[in-house]
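Trainee: need the 3D shape of this:
(2 chains)
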Amino acid sequence: MTSDTPALPEYDIAIIGAGPAGLAAGLYAARARRRTLLIERKVTGGQIALTSDVENYPGIDCINGFDLAQAMHGQAEKYGMETAYADVTAIDQDGAYHAVRTSEGDYRAKAVIVTGGADHDKLGVPGEERLTGFGVSYCATCDGAFFRDQTVAVVGGGDAALDEGLFVTRYAKKVYVIHRRDALRASAIMQERAFAEPKMQFVWNTVVEEIVGDAAVSGVRIRNTATGETGSLDVTGVFIFVGLTPNTGYLRGKVEMDAGGHIIVNEWMETAIPGLFAAGDIRANSARQVVTAAGDGATAAIRADHYLTAAFGAPTLAPANP
Amino acid sequence: MAKPFEVTDANFESEVIKSDKPVLVDFWAPWCGPCRMVAPIVDELSEEYDGKVKFVKLNTDDNVKTASQFGIRSIPTLLVFKAGEPVGQIIGFRPKSDLKKRLDAAL
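Mentor: Model (predicted):
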């Protein structure tokens, strides 16, 4: 027997993005006995998978971000959450259902929680793309060790820039922090640490205009935004942390967003579309912390469970797990 | 059987450069989170390409010479070697379908 349109795999709740928001949503959804699918495009953990030390998650003094994400993932799977690795390309309405289109095939879900987070922005200067992986990096914890006893630059002035820059000081002999303003955006404690680190040198009011090098990075051309003066720095690595863009391109025109592309939700993480939720860094006005993302995810899953009970009835997942 | 095995600075020449089959080298390190995500995918690929491609891993912490010889500045990096020459390079974590496409393109 053949069928022209084979039935799509069906779930109660599909969660898009395996960062802290998605992992917490998965835990709560699975514990509510909802058939739950978590769809991840790259690495479990999202941004924290690339973070060396998470030391502001309450109750945990200090943990490697990747390990924290793995622990969250294992905990949610223990309660029956399933995981698929695919790139989500669209969410279409399918009656009362949502069709989640992905690079590896489509799914059907009664509710969807979008927890796709945000990606690090590129600088958008010549040399950046060509030299990515050859000295240009967006992850110091991944690549910092390759710059032992070398001089590198970190571009940016927020927590991510300082955290990653401090990480690189474990290996590099000198770390320039190039920031376009004369003050940092980073939290006070990160600033204290950065200013106390003798290997760090701050280059204020300065933007990178080009990353130079043949086969690998050999330097950056810089310009002082106050004086207009130009110059260059000899560095073999450039670590870029200049902001984040939410991964909402495929939802443009479908849900309401703020000017930065973050999804606007109410206090229950609901969008205007019934059964479609957004949580974590991808939503407008997120505090962008692991703990707030996890809180958002839990809120969204609890609300999604209520929504499913009202619209479709009681949970269906057999309590085969602990 | 077809599982990727570890190579080192000492046997890189004999296992990779002089291999009569194409070789995929997974450059990794224990501290690298994304590398730990790539490993199971490389394991699966090694089953699927059994007999056609040889799969090996190189720990960049312990084998600095080879890592720097091929200009590894970011891990995970997968290099595909054919007749001793690197013919394909995949930097960073990619989904399996993407890895397959790039591997096929290099072969």
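
Trainee: where are the low-confidence patches of the chain?
Mentor: No chain specified, so I'll use chain A. A:1-6, A:52, A:318-322 (pLDDT under 70).

Trainee: actually, chain B is the one I wanted.
Mentor: Checking chain B against pLDDT under 70 turns up B:1.

Trainee: residue in it nearest to chain A?
Mentor: B:Gly33 (3.1 Å; Cβ to the nearest Cβ). Any C-beta I mention is one placed from the backbone N, CA and C, and that applies to glycine too.

Trainee: ok, now which ones touch that residue?
Mentor: By Cβ atoms under 8 Å, 6 or more residues apart in numbering or on different chains, the contact set of B:Gly33 is A:Val43, A:Gly45, A:Ala49, A:Leu50, A:Asn64, A:Gly65, A:Phe66, A:Thr141, A:Cys142.

Trainee: how far away is B:Gln89 from B:Leu78?
Mentor: From B:Gln89 across to B:Leu78, the span is 7 Å (Cβ to Cβ, to the nearest Å).

Trainee: so between the two, which is more surrounded?
Mentor: B:Leu78 (25 against 15; other Cβ atoms under 10 Å in any protein chain shown).

Trainee: which ones are touching the nearest residue to the more buried one once chain neighbours are set aside?
Mentor: Nearest non-adjacent residue to B:Leu78, counting by Cβ to Cβ, 6 or more residues apart in numbering or on different chains: B:Ile90, 4.3 Å away. For B:Ile90, the contacting residues are B:Thr77, B:Leu78, B:Leu99, B:Arg102, B:Leu103, by Cβ under 8 Å, 6+ apart.

Trainee: likewise for A:Arg108?
Mentor: A:Ala7, A:Leu8, A:Pro9, A:Glu10, A:Tyr11, A:Asp94, A:Tyr97, A:His98, A:Ala99, A:Val100.

Trainee: who's in contact with the nearest residue to the third one once chain neighbours are set aside?
Mentor: With sequence-adjacent residues excluded and distances taken as Cβ to Cβ, 6+ apart, A:Pro9 is closest to A:Tyr107, at 5.3 Å. Taking Cβ under 8 Å, 6+ apart, we find A:Tyr107 in contact with A:Leu8, A:Pro9, A:Glu10, A:Tyr11, A:Ala14, A:Leu37, A:Ile39, A:Ala84, A:Ala99, A:Val100.

Trainee: now do A:Leu68
Mentor: A:Gly45, A:Ile48, A:Val54, A:Tyr57, A:Ile60, A:Val290.

Trainee: the helix or strand hosting A:Phe66: what's the following helix or strand?
Mentor: Per DSSP states H and E: A:Phe66 is located in helix A:65-78. Per DSSP H and E, the first helix or strand lying C-terminal to helix A:65-78 is strand A:82-85.

Trainee: roughly how far apart are A:Ala161 and chain B?
Mentor: Using Cβ to the nearest Cβ, to the nearest Å, A:Ala161 is found at 18 Å from chain B.
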